[in-house]
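Peer 1: okay, here's the prediction I keep looking at, along with the sequence it came from:
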Amino acid sequence: MSEHAPAKVNLTLHVTGRRSDGYHLLDSLVAFADVGDTVTAEPADALTLEVTGPMGADVPTGPENLVLAAARLFDAPRGARLILDKHLPAAAGIGGGSSDAAAALRLLSRLWDLPVPEGSVALGADVPMCLDPRVQRVRGVGDERRPVDILPPLPTVLVNPGVPVATPEVFKRLTVRENPPMPTDLPLLSCPADAADWIATQRNDLAGPARAIAPEIGAVLAALSGARLARMSGSGATCFGLYDTRAEADQAAEEIARAEPGWWVRATTLAAHAPSS
Ligand SMILES: C[C@@](CO)(OP(=O)(O)O)[C@H](O)COP(=O)(O)OP(=O)(O)OC[C@H]1O[C@@H](n2ccc(N)nc2=O)[C@H](O)[C@@H]1O
Ligand SMILES: Nc1ncnc2c1ncn2[C@@H]1O[C@H](COP(=O)(O)OP(=O)(O)O)[C@@H](O)[C@H]1O
């Protein structure tokens with residue numbers, strides 16, 4: 001049994017306030033890529049995790065791995081032999097760990113025939129949105145979600161410069177924590193150009209603080225200057241460039257990868273993605 005763990009992209013990310021426990025209130029338009037990790041599971045007596053794949057060296061293999069944390073969230077966890085095939089960069093603003101945790105919750109729910117446990121937000125603010133990887137508007141601390149059918153499939157290039165950025169550090173550096181939300185009613189965006197034009201009127205409030213920590217983000221945005229719009233996702237450092245066609249995105253990805261062989265560069269189409277595989 002396996003589950004895909006697609007990369008999440010925050011097309012917009014407005015920080016609108018802060019709760020008394022220090023967590024920030026967000027208003028974000030989120031879509032998912034067709035690139036990601038894969039979690040597989042086989043029945044077994046003990047609960048074990050093996051991490052494979054080109055990005056496997058960057059994530060913990062012990063109990064702190066979010067896949068094992070997800071398994072522990074079940075009321076009566078049993079055994080399973082889990083394999084995480086890691087293709088997404090870690091600490092990259094595209095929710096790799098959260099998407100792995102969500103994939104593990106879906107997978108173990110099937111394997112153990114148990115409901116997906118409540119309270120997945122405790123594993124990470126992004127986990128609830130990754131449980132049902134659709135285009136959605138996310139508010140609160142990630143726990144208030146509403147699917148929105150306003151976007152066409154978006155040909156996109158994702159670029160990460162290989163510099164991990166710790167999410168808590170980025171939030172800590174925010175100077176203004178109460179910013180305006182997105183409009184109450186989001187517009188219907190019928191083509192990639194309209195989507196890019198509208199997203200350009202919105203913000204990622206974490207971009208400034210993230211760029212202060214990882215100046216490489218400036219170089220990534222410059223490399224994406226041929227896109228209709230280039231922005232950072234989440235707390236960085238991954239940036240997305242939006243293109244009119246997949247052919248243009250494929251070509252841009254090839255050129256950027258050739259110029260910067262040390263960077264992680266992927267052409268993708270942002271859309272809703274079916275969770276099961
Ligand atoms: C910023 C976002 C936007 O989608 O994405 P990433 O950059 O992580 O991909 C998320 O809100 C991140 O979600 P996630 O990475 O799951 O965060 P968590 O593990 O819950 O929190 C890590 C730390 O970030 C800060 N944090 C996180 C979420 C939030 N709404 N307010 C916060 O202040 C807190 O300091 C927290 O201790
Ligand atoms: N399965 C996992 N994949 C990625 N990171 C993980 C995983 N499990 C735990 N982590 C830890 O979570 C931190 C945040 O990783 P990640 O979810 O990739 O960040 P982001 O949401 O910014 O993309 C990493 O520094 C890593 O140590």
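Peer 2: Sure, I can see it. Ligands and ions are numbered 1, 2, ... in the order given.
Peer 1: the residue in the stretch 51-200 of the chain that ligand 2 sits nearest to in helix, strand or coil?
Peer 2: Here the residue of the stretch 51-200 of the chain nearest ligand 2 is residue 97; by Cβ to the nearest ligand atom that distance is 2.6 Å. The way it works is simple: take the backbone N, C-alpha and C, and place the C-beta from them, glycine included. Under DSSP: H, G, I helix; E, B strand; the rest coil, residue 97 falls in the helix class.
Peer 1: please name the nearest non-neighbouring residue to it.
Peer 2: Nearest non-adjacent residue to residue 97, counting by Cβ to Cβ, 6 or more residues apart in numbering: residue 66, 4.4 Å away.
Peer 1: same check on residue 61?
Peer 2: Counting by Cβ to Cβ, 6+ apart, the residue nearest residue 61 is residue 51, at 5.1 Å.
Peer 1: from residue 181, how far out is that neighbour?
Peer 2: 38 Å (Cβ to Cβ, to the nearest Å).
Peer 1: okay, those two: which has more neighbours?
Peer 2: A direct count of neighbours by other Cβ atoms under 10 Å for residue 51 and residue 181 places residue 51 higher, at 20 against 17.
Peer 1: need the contact list for the more buried one.
Peer 2: 59, 61, 65, 83, 84, 86 (Cβ atoms under 8 Å, 6 or more residues apart in numbering).
Peer 1: make it 10 Å
Peer 2: 37, 57-61, 65, 67, 82-86, 100 (Cβ atoms under 10 Å, 6 or more residues apart in numbering).
Peer 1: which parts of the longest strand along the chain are buried?
Peer 2: The residue-count maximum for a strand in the chain (DSSP state E) belongs to strand 24-42. Residues of strand 24-42 classed as buried by neighbour count (16 or more other Cβ atoms under 10 Å): 24-41.
Peer 1: C-terminal to that strand, what's the next element?
Peer 2: strand 47-52 (DSSP states H and E).
Peer 1: paired strands for that following strand, with orientation please.
Peer 2: Next to strand 47-52 in the sheet, as set by DSSP bridges, lie strand 80-85 (parallel).
Peer 1: could the C-alpha coordinates of the strand it pairs with be exported in CSV?
Peer 2: C-alpha atoms of strand 80-85 as CSV (Å, rounded to 0.1, in the frame of the first residue of the first chain):
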residue,chain,number,x,y,z
ALA,A,80,3.8,-1.7,10.2
ARG,A,81,6.9,-1.7,8.1
LEU,A,82,7.0,1.9,6.7
ILE,A,83,9.2,3.2,4.0
LEU,A,84,9.5,6.9,3.2
ASP,A,85,10.9,7.6,-0.2
